[in-house]
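>>> this one's sequence-less:
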């Protein structure tokens, strides 16, 4: 495991997903300032997550063809620009376009960064969970960050939101310069030394059937994830009479619990196998989502939302590595489709639940979400690990393979 490289990539993930989380955190302020309906704010949630998800497979295919590490800083810088421009815009169409641009930047980041994290972490589920939790931490910081900037200083102060991206871009340039200097001064390895470092073993073929099954499960995972993210803060304010700060606190607790769930899921995956983390997460998510829909008080909503966030992220790292092992020769494509196209379902369905909230109330929207979630829970128990718990420890260490080296086709 290349711990330094993994730690730096985790930091970039924190910054990138800070902007992914900033968009739902901005929705209550946009609703109050610009008098948007639930359907309108759900449309903005689609612009962020849906458009982003549709573009991620494209960037995944591009990153598989040859290394494009520059997409990592370009992605989070574009995301920052889109968020700031959306906050400064006044018309709904312009706001939607800039939110969508932020989504494209977020999409550009994920496939190359996830592939690099897998190379740095090898077959360890904990390594992927550490990288994944970087994004979750960024998302959990977003509500407080947005509330501090926009809530306290107003929309004109929104350029301050770009500071983390600019700082991380400078660090990226410095780190890239150091890496180039190390390559120039390094002693060349003997011919064949790298090839000998990798354990021998037959290459696995891409399993598109099992990969498609996983994509369907993640489709069902993404709908409640995106809908709860975009509506739970409004639920606390509109249904339970809480302040904007209280609504932001619930959203922060939800995303912070996701960080804990991601790390715990990585530990469970290494100790008991990836399927254990996947099945336990989906099984625990059902009653906690029911608690959100039923919540008669703010504290019941808070506890249910926090537990739901932790349960939903138990399978997260396992789902990413499963996708890459189902398509071992196309890790960028696997990341793009699972983190991208599958997540598009959440963005596409979010306006439907917003419309239901407008017509029947937020509580009805959450009960409908609970009914839909039964499908991925059942399907998750039919997933199979292509490597297996025992053989995962003996799998080739991907840190011995050069970044961007194409696998067998």
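Received it, and whenever you're ready, just let me know what you need. Note that the structure is a prediction, hence the values are computed from the model and not measured.
>>> Would you map the helices across the stretch 201-350 of the chain?
Using DSSP state H, counting those that start in this stretch, the helices of the stretch 201-350 of the chain run over 208-238, 244-272, 274-294, 298-313, 316-326, 331-336, 342-360.
>>> So for residue 29, which of the ones you listed sits nearest?
helix 244-272 (7.6 Å; CB to CB). In short, each C-beta sits where N, CA and C put it, glycine included.
>>> Quick one: residues contacting residue 289.
The contact partners of residue 289, by CB atoms under 8 Å, 6 or more residues apart in numbering, come to 224, 228, 304, 308, 366, 369-370, 373.
>>> Likewise for residue 292?
Counting by CB under 8 Å, 6+ apart, residue 292 touches 228, 232, 235, 301, 304-305, 308, 366.
>>> please redo it, this time with the cut-off set to 7 Å
228, 301, 304-305, 308, 366 (CB atoms under 7 Å, 6 or more residues apart in numbering).
>>> Just the pLDDT at the closest residue to it other than its chain neighbours, thanks.
The shortest distance from residue 292 to any non-neighbouring residue, by CB to CB, 6 or more residues apart in numbering, is to residue 304 (4.7 Å). Looking at residue 304, its pLDDT stands at 96.
>>> and residue 304, how far is that from residue 281?
16 Å (CB to CB, to the nearest Å).
>>> Looking at these two, which is more packed in?
More crowded of residue 304 and residue 281, by other CB atoms under 10 Å: residue 281, with 25 against 22.
>>> Distance of residue 260 relative to residue 275?
According to CB to CB, residue 260 stands 21 Å off from residue 275.
>>> now residue 215
For residue 215 relative to residue 275 (CB to CB), the value is 17 Å.
>>> for residue 149, same thing?
Taken as CB to CB, the span from residue 149 to residue 275 is 42 Å.
>>> Next, give phi and psi for residue 386.
Residue 386 adopts backbone torsions of phi -70, psi -20, taken as degrees, to the nearest 10.
>>> Can you list the buried residues in the one helix or strand residue 81 maps to?
Per DSSP states H and E: residue 81 is located in helix 71-88. Neighbour counts using 16 or more other CB atoms under 10 Å place 71-87 of helix 71-88 among the buried residues.
>>> That helix: what's the following helix or strand?
As assigned by DSSP H and E, the chain's next helix or strand after helix 71-88 is helix 92-121.
>>> Measure how buried residue 286 is and give me the count.
Counted with other CB under 10 Å, residues neighbouring residue 286 total 15.
>>> right, and it touches residue 377 too?
Yes - judged on CB atoms under 7 Å, residue 286 makes contact with residue 377 at a distance of 5.8 Å.
>>> What residues of stretch 371-385 count as buried?
373, 376-377, 379-380, 383, 385.
>>> Any idea which of these the model trusts least?
Lowest pLDDT of these: residue 385, 90.
>>> Output the contacts of residue 289 as CSV; include the columns distance to residue 139.
Shown next, in CSV, are these (distance: CB to CB, whole Å):
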residue, distance to residue 139
224, 15
228, 12
304, 19
308, 14
366, 20
369, 19
370, 23
373, 20
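>>> Looking at those, which is nearest residue 255?
Residue 255 has its nearest neighbour among the contacts of residue 289 in residue 228, at 10.4 Å by CB to CB.
>>> List the contacts of that closest one.
254, 292, 308.
>>> what residues are up against the first one?
Residues in contact with residue 254, defined by CB under 7 Å, 6+ apart, are 228, 232, 305-306, 309.
>>> Just the buried residues out of those, in PyMOL syntax.
Buried members of those can be picked out in PyMOL with the line below, counting by 16+ other CB under 10 Å:
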select buried, resi 228+232+305+306+309
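>>> can you tell me which of the contacts of residue 254 lies nearest to residue 174?
Among the contacts of residue 254, residue 309 lies closest to residue 174 (CB to CB), at 34.2 Å.
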